[in-house]
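S.K.: have a look at this prediction, sequence included:
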Amino acid sequence: MFGLRQDLSVGGAYQLGGIALGGAVAGLLPATFPPDGGPTALDRTLATPIHSALDTRPGIYQALVIPSNGYILLPLLLLAGAWFAYRGDRWRAAIMVIVPELAVGINAVLWKPLCDRHLHDYLAYPSGHTVHLVAVATAFIVLVDSVRARVIALVVAVLALFAAAVGMVGLGYHLPTDIIGGAAAAIAMVLALCWAAQRLTSRARRHRASPAEPNSAQSVARPGGP
């Protein structure tokens, strides 16, 4: 992906579209919250069937939130980074490891205080667990070349997010809109950070290649010299 002109044009357009859409959803959704930050009509509509179906079996909620926990996501993050490094692409390995964690940090220090939605004793919007899960998946999907790997990662991520969302809502950790906003914010942040890294990588590679060009030109110009 990196350094290829066609990817910069077509892939870049998709990335910019995802940044705009994700940022708009995450940024505008708080406008629907009531003044006290409580549940919206959408929250009640999405949460009611979850509670009706599973509240008598709370252990299911505990199992469903497992994919969003750090002890699952961090090893997956490091494994993906190691896989890129094993394939000889240190740039992608570094981006894979750094970008999702940077997105989690930005969410904690910027998005959450800015939106200021309190639930229990913490800031709930956007959901940090959701941001972490979606950020890891999005970074891998953006960085990997294989279409098959992208599709598999997307399907697994969607299933994991759905399970974690049901668990978090059922346990009262988050409202559904916290999770929707978390997914949107994660997509926007990861795409933006990967887009920036993509350009920095291309510039770094051009900079490394440029000093060799004058030398090669001189060697071609003087093959028959004394």
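M.R.: Nice, thanks for sending it over. Numbering: from 1, shown residues only.

S.K.: which positions in stretch 52-71 come out as buried?
M.R.: 54, 61, 64, 65, 67, 68 (16 or more other C-beta atoms under 10 Å). C-beta: built from backbone N, CA, C; applies to glycine.

S.K.: just give me the closest of those residues to residue 130.
M.R.: Distance to residue 130, by C-beta to C-beta, is smallest for residue 68 among the buried residues of stretch 52-71, at 6.7 Å.

S.K.: quick one: contacts for residue 43?
M.R.: Listed by C-beta atoms under 8 Å, 6 or more residues apart in numbering, the contact partners of residue 43 are 175, 176, 177.

S.K.: ok, back up a step: how about a markdown table for the buried residues of stretch 52-71, with pLDDT, secondary structure and distance to residue 94 added?
M.R.: Converted to a markdown table, the buried residues of stretch 52-71 look like this (pLDDT from 0 to 100; DSSP: H, G, I helix; E, B strand; the rest coil; distance: C-beta to C-beta, whole Å):
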| residue | pLDDT | secondary structure | distance to residue 94 |
| --- | --- | --- | --- |
| 54 | 95 | helix | 41 |
| 61 | 96 | helix | 36 |
| 64 | 97 | helix | 32 |
| 65 | 97 | coil | 30 |
| 67 | 96 | helix | 25 |
| 68 | 96 | helix | 24 |
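
S.K.: just to revisit the earlier point, among the contacts of residue 43, which lie within helices?
M.R.: If you go by DSSP state H, the contacts of residue 43 have 176, 177 in helices.

S.K.: most neighbours, which of the contacts of residue 43?
M.R.: residue 175 (26 neighbours; other C-beta atoms under 10 Å).

S.K.: which pLDDT value goes with it?
M.R.: Model confidence at residue 175, expressed as pLDDT, equals 97.

S.K.: check the secondary structure at residue 35 for me.
M.R.: With DSSP: H, G, I helix; E, B strand; the rest coil as the basis, residue 35 sits in coil.
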